[in-house]
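Asker: A structural model of the following input is requested.
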Amino acid sequence: MSDVFTKAKRSEVMSRIRSRGNRATELALAKLFRRHKITGWRRHVKIQMTGGRRQVTGKAPVSAVSPTRRHRPFAVRPDFVFPRLKLALFVDGCFWHGCPRHATHPKNNRGFWRRKLLGNRTRDLLVNGALRRANWRVLRIWECALEQRPQACLRRVQKWLSVEN
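Answerer: Numbering: from 1, shown residues only. Sure thing, here's the model as predicted:
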C-alpha cells in the first residue's frame, strides 16, 4: 500500500516528531518522580566521556564523534540522570528501540527501516557499555512498561536508587 501523504506532507509530519519531551514516556516518568517525591534527577544532562574518564556538564553541544571510535571523546544525554548516584536512566520507545513485545516493522521501505532500527539498538548497546566502563549504572525502561505498569517501573527505579555503588 502506498503512502496516503505526498512526500512533502510526509516530511512535514515526520519533522514534528520530537526525540525529547514525549508525554507518554519522559513527561510521564517526570510526573511520577514528582508525585512520589523522588529527587536528585536532572533531564537530558550531557555525560561527556573522554578516554575512560567522565565529566558531567550541562549546556555544551553534543559531540558528533561516534562512540565506536577508540579513544575519541563522545557524549550521551540520558533521559534522566541522577549525578550523585551516577545513574543514567533511559525511557525507550517500543518502536524506535525494538521492544520484543510491541515493536512494529514498517512494510514500506523495509531495508531502510531495518537498518535504522538495528542501528538504534546497536547504539543503545554501545552507550550502555561506554557508560558502564565510565562507572555509571544504566537503567532502561520500556515505554509500554511505563504506560501499562507505572507503579512497577517506579518500584524498579526506587530499587536502583537505594542500591549503593
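Asker: now the strands for the chain?
Answerer: Listed in chain order, the strands of the chain (DSSP state E) span 42-43, 46-50, 53-57, 74-76, 80-82, 87-92, 137-142.
Asker: Low-confidence bits of this protein, can you list those?
Answerer: Scanning the chain for pLDDT under 70 picks out the ranges 1-2, 16-21, 50-71, 164-165.
Asker: list the buried ones in stretch 131-139?
Answerer: Leu131, Ala134, Trp136, Val138, Leu139 (16 or more other C-beta atoms under 10 Å). Glycine gets a C-beta too; all of them are placed from N, C-alpha and C.
Asker: For it, what is the distance to the chain centroid?
Answerer: Here stretch 131-139 is found 14 Å from its chain centre; the criterion is C-alpha atoms, centre = their mean, to the nearest Å.
Asker: closest to Lys116 out of the strands of the chain?
Answerer: For those, proximity to Lys116 was assessed by C-beta to C-beta; strand 87-92 is nearest, at 14.7 Å.
Asker: which helices and strands sit right next to the closest one?
Answerer: Of the remaining helices and strands, those touching strand 87-92 by 3 or more C-beta pairs under 8 Å, 6 or more residues apart in numbering; DSSP states H and E are helix 26-35, strand 80-82, helix 110-133, strand 137-142, helix 143-148, helix 150-162.
Asker: That strand pairs with which strands, parallel or anti?
Answerer: Strands flanking strand 87-92 in the sheet, each with its direction: strand 80-82 (antiparallel), strand 137-142 (parallel) (DSSP bridges).
Asker: how many degrees apart are the last one and helix 26-35 in direction?
Answerer: Orientation note: strand 137-142 sits at an angle of 120 degrees relative to helix 26-35 (axes from the mean of the first three to the mean of the last three C-alpha atoms, to 10 degrees).
Asker: so which of the helices and strands packed on strand 87-92 comes closest to Pro100?
Answerer: Taking C-beta to C-beta, strand 137-142 is the member of those nearest to Pro100, at 9.0 Å.
Asker: Mind putting the helices and strands packed on strand 87-92 into CSV with distance to Gly98?
Answerer: Formatted as CSV, these follow (distance: least, C-beta to C-beta, whole Å):
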stretch, distance to Gly98
helix 26-35, 19
strand 80-82, 21
helix 110-133, 5
strand 137-142, 10
helix 143-148, 12
helix 150-162, 19
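Asker: what sits against the residue lying closest to Val127 once chain neighbours are set aside?
Answerer: Of all residues not flanking Val127 in the chain, Val76 sits nearest, at 5.2 Å (C-beta to C-beta, 6 or more residues apart in numbering). Residues near Val76 by C-beta atoms under 8 Å, 6 or more residues apart in numbering: Lys46, Ile47, Met49, Pro67, Ala88, Val127, Ala130, Leu131.
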